[in-house]
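Enquirer: Provided below are the primary sequence and the corresponding predicted coordinates.
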Amino acid sequence: MSFVTRIADVAHKAVVTTCLSLFAFQAYQLGTNMMIGTDEMKKKEHPQRAFIQMLRDKYDEEYKHYFDTGHRDWYDKDDDSYLKKVPKPQDYQPGGKRN
């Protein structure tokens, strides 16, 4: 019985050590990836930053007229001038070409 108990103890220690080692390794990988991610994010500009900023500017422009009761921004059924205000990829991407 002691021989079987000894084998069970060794197997249990091996399993527990393996689980703890995997947890520690995953924690190490997660930590290093988080550190690398913050450095890379600071160095590289987001590819859609200009588009997001353009949307913010459009929102600010529209919000200025929101509470202005004398401002009429209504469209006729035949009027399609609002389509000219729609942002196009050439407006916000560098070089005017899509990636």
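Expert: That came in fine, so what should we check first?
Enquirer: pLDDT below threshold where in this structure?
Expert: Per-residue confidence for the chain (pLDDT under 70) gives these ranges: 37-44, 69-76, 91, 93-99.
Enquirer: where do the helices sit along it?
Expert: Here the chain has its helices, by DSSP state H, at 2-43, 49-64, 89-92.
Enquirer: and K77, which of the ones you listed is closest to it?
Expert: Comparison of those against K77 by Cβ to Cβ identifies helix 49-64 as nearest, at 21.5 Å. Just so you know, the C-beta spots here come from the backbone N, C-alpha and C atoms, and that holds for glycine as well.
Enquirer: domain assignment for this protein?
Expert: Taking automatic domain parsing as the domain assignment, the record places the domains of the chain at 1-44, 46-99.
Enquirer: Turn those into TSV, including mean neighbour count.
Expert: What follows is the domains of the chain, written out as TSV (neighbours: other Cβ atoms under 10 Å):
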stretch	mean neighbour count
domain 1-44	9
domain 46-99	9
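Enquirer: I'd like the distance between the residue most central in space within the chain and P89.
Expert: Centre of the chain computed as the mean C-alpha position; nearest residue by Cα atoms, centre = their mean is H46, 9.4 Å away. From H46 over to P89 the distance is 16 Å, taken as Cβ to Cβ, to the nearest Å.
Enquirer: before we move on, what about F67?
Expert: Separation of F67 from P89 (Cβ to Cβ) stands at 32 Å.
Enquirer: cool, L55 as well?
Expert: 13 Å.
Enquirer: for S81, same thing?
Expert: As for S81, its distance to P89 is 20 Å (criterion: Cβ to Cβ).
Enquirer: Ok, R6 next?
Expert: To P89, R6 is 70 Å away according to Cβ to Cβ.
Enquirer: next one: D57
Expert: With distances taken as Cβ to Cβ, D57 is found 16 Å from P89.
Enquirer: What of A24?
Expert: Separation of A24 from P89 (Cβ to Cβ) stands at 46 Å.
Enquirer: what does Y82 give?
Expert: When Cβ to Cβ is the yardstick, Y82 and P89 sit 18 Å from each other.
Enquirer: Over to R56?
Expert: Here the criterion is Cβ to Cβ. By it, R56 lies 17 Å from P89.
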